[in-house]
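S.K.: can you look at this prediction? I've put the sequence above it.
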Amino acid sequence: MIIKNTEPSLANETEICHECDLNIAIPSLKINQKAVCPRCGYLLSAKRANAFERILAFAFTALIFLLASVLFNFISFKSNGLENDIKMLDSITILIDSGYSALAIIEIITVFVIPVFVLVSLIYIVSFLSQGRYPAKGHVLMNIIFKLLPWNMVEIFLVGTLVSLIKIISMAEIILGPSFFAFILFSVSMTAVLLHIDKRYFYQALDSTAKKNKNALTSSALKPKFAETHATDFNRSLSIQKTWALIITSILLYIPANMLPIMNTWFLGQDEPSTIIGGVILLWHHGSYPIAMVIFIASIMVPITKILVLIWLNYSVQTHSRQLEHQRMKMYRIAEFIGRWSMIDIFVVIILASLVQLGNTMSIFPGVATFAFSGVVIMTMLAAMSFEPKLIYNQTENL
């Protein structure tokens with residue numbers, strides 16, 4: 001059931017829509033009810049049955065499976081009598097030893113550090129809230145969690161691993177270790193945790209618990225932290241300029257990302273560099289049509305589409321356009337959601353470079369384009385974050 005209501009008389013609280021800046025009166029939600037902004041369709045809140053209990057259960061399960069995924073063999077690669085076994089953390093060591101520390105840092109942060117921090121923080125916060133106690137720095141931790149969630153790329157790493165295996169399965173024997181299946185279950189559990197997180201519900205619980213523990217908190221800490229900022233509370237011009245700077249940077253990085261090799265394959269002493277589009281063409285010629293389409297969409301179409309959408313959105317708010325407001329908001333949400341999935345190609349290169357290390361017989365190394373392409377993904381994500389969707393519906397000159 002979806003609730004769309006703006007009548008103050010029916011509401012327990014009035015909040016500001018995160019995306020269109022509309023003041024909305026939200027009634028007390030029942031189980032399985034949702035509150036949706038009547039103007040832009042943004043999901044304001046969703047109340048799920050036993051949300052805290054499920055978050056705790058899935059979070060503990062995710063941590064257990066993550067631990068299992070780093071303890072045992074992840075994947076084994078056999079070719080021409082040579083074999084290479086890797087564990088999850090071996091890929092990081094291989095990248096550092098090969099001089100690709102930046103890629104190792106990306107993998108560590110997005111696949112391990114951020115997910116673990118989010119899970120441990122949620123367990124800490126929910127455990128206290130379930131007992132009716134306010135967790136120290138509860139609001140601060142929740143703010144950090146919501147800022148880090150877009151950079152959690154566990155499921156993207158898993159898809160990248162599957163794509164890399166399909167790319168090399170025709171040239172070698174692949175054996176999936178116990179850690180591979182543990183990582184799948186970790187990814188599923190992590191996704192289940194994220195699906196049960198509701199921003200408004202968490203902040204309401206924190207504020208309610210804080211009021212019951214006034215002795216441990218200052219009056220400023222008791223102010224609601226889930227209320228969104230009005231469009232008039234930020235510098236409109238600065239937001240637009242910052243977004244333009246990030247868009248232009250991503251465009252400049254996109255050129256070398258596609259012109260330079262993203263991967264180098266050493267086969268019998270011969271170097272065979274491969275660009276992103278070259279890899280797509282090679283996969284297509286070999287009959288791997290689904291994988292070629294995945295790489296083409298994630299690595300070529302998605303970045304270009306996101307850059308074009310961000311250019312259109314930023315230009316439209318800069319010129320105070322009032323046309324196609326609903327369509328622009330939908331495009332913004334799509335661009336924000338799909339942008340991170342371009343990291344699939346980077347994770348494919350990381351897995352292949354970690355797995356295929358058989359000396360001069362066959363070895364794969366990341367190309368210089370991996371750094372440029374990583375920069376494209378990061379810059380476009382930051383551009384989407386810096387863009388203020390509130391400006392789509394609030395085109396006042398004085399903003």
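M.R.: Noted; the coordinates are in hand.
S.K.: which strands and helices sit next to the one helix or strand residue 104 maps to?
M.R.: Per DSSP states H and E: residue 104 is located in helix 101-107. With contacts defined as 3 or more Cβ pairs under 8 Å, 6 or more residues apart in numbering; DSSP states H and E, the packing partners of helix 101-107 are helix 90-97, helix 344-355, helix 369-386. Yep, even glycine has a C-beta here, placed from its N, CA and C like the rest.
S.K.: starting at the chain centroid, how far to the longest helix seen in the chain?
M.R.: Using DSSP state H, we find that the single longest helix of the chain is helix 236-259. Here helix 236-259 shows a centroid-to-chain-centroid distance of 19 Å under the convention Cα atoms, centre = their mean, to the nearest Å.
S.K.: packing partners of whichever helix or strand comes after it?
M.R.: Taking DSSP H and E as the definition, the helix or strand that follows helix 236-259 towards the C-terminus is strand 263-267. Counting contacts by 3+ Cβ pairs under 8 Å, 6+ apart, strand 263-267 packs against strand 270-274, helix 344-355, strand 362-366.
S.K.: worst mean pLDDT among these?
M.R.: Comparing mean pLDDT across the helices and strands packed on strand 263-267, the lowest value falls on strand 270-274: a mean of 73.
S.K.: which SSE is immediately downstream of it?
M.R.: Sequence-wise, the next helix or strand beyond strand 270-274 is helix 276-285, with elements assigned using DSSP H and E.
S.K.: buried residues, that following helix. List them.
M.R.: By neighbour count, with 16 or more other Cβ atoms under 10 Å as the criterion, the buried positions of helix 276-285 are 276, 279-280, 283.
S.K.: quick revisit: quick one, which of the helices and strands packed on helix 101-107 gets closest to residue 162.
M.R.: Taking Cβ to Cβ, helix 344-355 is the member of the helices and strands packed on helix 101-107 nearest to residue 162, at 9.4 Å.
S.K.: so where's the chain uncertain?
M.R.: Counting by pLDDT under 70, the chain contains low-confidence residues at 1-12, 80-81, 170, 214-235, 267-271, 358-362, 395-399.
S.K.: domain-wise, how is it divided?
M.R.: The domain map for the chain lists 1-47, 50-215, 234-388, with the assignment taken from automatic domain parsing.
S.K.: so which of the ones you listed is nearest residue 394?
M.R.: Between residue 394 and the domains of the chain, the shortest separation by Cβ to Cβ is 5.4 Å, and it involves domain 1-47.
S.K.: what does residue 262 show for phi and psi?
M.R.: phi -90, psi -10 (degrees, to the nearest 10).
S.K.: who touches it in this structure?
M.R.: Contacts were defined as Cβ atoms under 8 Å, 6 or more residues apart in numbering; by that measure residue 262 touches 274-276, 279, 345, 349, 366-367, 369-370, 373.
S.K.: got it, and residue 49?
M.R.: For residue 49, the residues meeting the contact criterion (Cβ under 8 Å, 6+ apart) are 31-32.
S.K.: now swap in residue 249 and tell me
M.R.: Listed by Cβ under 8 Å, 6+ apart, the contact set of residue 249 reads 375, 379.
S.K.: which outside residues touch the helix holding residue 104?
M.R.: Surrounding helix 101-107, the residues in contact under the criterion Cβ under 8 Å, 6+ apart are 91-92, 95-96, 157, 346-347, 349-350, 366, 370-371, 374.
S.K.: next secondary structure element downstream of that helix?
M.R.: Past helix 101-107, heading to the C-terminal end, the next element that is a helix or strand (DSSP H and E) is helix 114-130.
S.K.: roughly how far apart are the spatially most central residue of the chain and residue 114?
M.R.: The chain has residue 150 as the residue nearest its centroid, 3.3 Å off, counting by Cα atoms, centre = their mean. In this structure, residue 150 lies at 10 Å from residue 114, with Cβ to Cβ, to the nearest Å as the measure.
S.K.: hang on, isn't residue 33 packed against residue 47?
M.R.: Yes: at 5.7 Å, residue 33 counts as touching residue 47 under the criterion of Cβ atoms under 8 Å.
S.K.: please identify which helix or strand holds residue 210.
M.R.: Secondary structure here is read from DSSP H and E; on that basis residue 210 sits in helix 199-212.
S.K.: and that helix, how far out from the chain middle?
M.R.: Distance of helix 199-212 from its chain centroid, counting by Cα atoms, centre = their mean, is 25 Å.
S.K.: and stretch 104-111, by the same measure?
M.R.: Taking the mean C-alpha point of stretch 104-111 and that of its whole chain, the gap between them comes to 13 Å (Cα atoms, centre = their mean).
S.K.: quick one: residue 316 is in a helix?
M.R.: Yes: looking at residue 316 with DSSP: H, G, I helix; E, B strand; the rest coil, it is inside a helix.
S.K.: for residue 92, the count of nearby residues, please.
M.R.: Around residue 92 there are 20 other residues, counting by other Cβ atoms under 10 Å.
S.K.: that one reaches residue 108, doesn't it?
M.R.: Yes: judged on Cβ under 8 Å, residue 92 makes contact with residue 108 at a distance of 6.0 Å.
S.K.: that older thread, just put the contacts of residue 262 in JSON lines and tack on distance to residue 196.
M.R.: Converted to JSON lines, these look like this (distance: Cβ to Cβ, whole Å):
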{"residue": "274", "distance to residue 196": "41"}
{"residue": "275", "distance to residue 196": "41"}
{"residue": "276", "distance to residue 196": "36"}
{"residue": "279", "distance to residue 196": "37"}
{"residue": "345", "distance to residue 196": "30"}
{"residue": "349", "distance to residue 196": "33"}
{"residue": "366", "distance to residue 196": "36"}
{"residue": "367", "distance to residue 196": "40"}
{"residue": "369", "distance to residue 196": "38"}
{"residue": "370", "distance to residue 196": "34"}
{"residue": "373", "distance to residue 196": "33"}
